[in-house]
Structure formats: structure tokens, C-alpha cells
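Trainee: what shape does this take:
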Amino acid sequence: MLIDKLYADYWIDGNQYGLIDNVLVILDGSGRDMGTTYHLLNNVIIPNFQKKRILVAINQADIAMKGRHWNYAENKPDKELEWFLDEKAESVKKRLYDSTGVRVAKPVCFLQNMDIMWKSYWMLLSMVSPRKDASWYHEA
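Mentor: All right, here's what the predicted structure looks like:
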């Protein structure tokens, strides 16, 4: 079923388009077990979707390391958590390459806070948008 959706398309004015333009896989940054996520990426998404259109993100970066090292006053990680998240992102990227031979962009880290997460999500989409500006983005 999911694989069928990856291949689905639609037509507008005689032009054929893929139903799914990009795949964004969001990993849980607060946990260590990513086996299911790697299985989904390795066995479903990567073999059946354009590699350059696969994006990986790590969610709940603010509660990684059990919430330690998050500067709540400034709403950002301290140096130790920043290093930890960078290492986690590099590890995900390397593990995907080692198991599939596919290079994905370094994963972006999101926060648990939904307002910030959505702003980060739209910023991420603007990075892969064919448009060079984010004028198509507007806050709800």
C-alpha cells in the first residue's frame, strides 16, 4: 500500500505529476532504537523513491539526552547537546549510506515544541523548493 502511494501520480492540464513530491522521514530523537525507521527507509522508501527527494529529520531534539543540556531560557541546546545532536545526525546519515549506498542530506533536528517544529518544517521545505525564496510560506 505505501509503495503504491510512492508511485502514484495525477494529471493536471495534460501534465503528469507524482502524487508525492518529497518524503520526509522524522526520527524520534529522544530514543535510541531506530530499527523500525531504518527498516522503513532501507526496504520501502529508498528502493522505491527518488533518492534526492528523501529528507530525514530528527524530532524532539530538545529532550534528547533526557532533556539535559537544553537551555530553556534561550530555547537552544548547550554545546554538549549540540555536539550530541550533530553526532546523531551524522550517525543516521552514515548508517543509511552503509546499508543502502544512498547519500541523504544531513538530517535536520527539530524541537518537541510544535510551533518551532512547524516553522522548522517549512524552512526545510523551502530548502528543497524549486523557488529560491520562501514567499510561498506564510504562518497560519
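Trainee: so who does Tyr38 touch?
Mentor: Listed by Cβ atoms under 8 Å, 6 or more residues apart in numbering, the contact set of Tyr38 reads Arg95, Leu96, Ser99. Every residue, glycine included, has its C-beta placed from N, CA and C.
Trainee: and the gap between it and Arg103?
Mentor: Tyr38 is 15 Å from Arg103, where distance means Cβ to Cβ, to the nearest Å.
Trainee: what's the helix ranked longest in the chain packed up against?
Mentor: The longest helix of the chain (DSSP state H) is helix 79-100. Identification of packing neighbours for helix 79-100 by 3 or more Cβ pairs under 8 Å, 6 or more residues apart in numbering; DSSP states H and E yields helix 35-40, strand 54-59, strand 108-109.
Trainee: in its sheet, what does the last one sit against?
Mentor: For strand 108-109, the paired strands and their directions (DSSP bridges) read strand 54-59 (parallel).
Trainee: using CSV, write down the CA coordinates of the strand it pairs with.
Mentor: The C-alpha coordinates for strand 54-59 follow below in CSV (Å, rounded to 0.1, in the frame of the first residue of the first chain):
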residue,chain,number,x,y,z
ILE,A,54,14.3,11.8,0.5
LEU,A,55,14.7,14.0,3.6
VAL,A,56,15.4,12.8,7.1
ALA,A,57,14.8,14.8,10.3
ILE,A,58,15.3,14.2,14.0
ASN,A,59,12.4,15.3,16.2
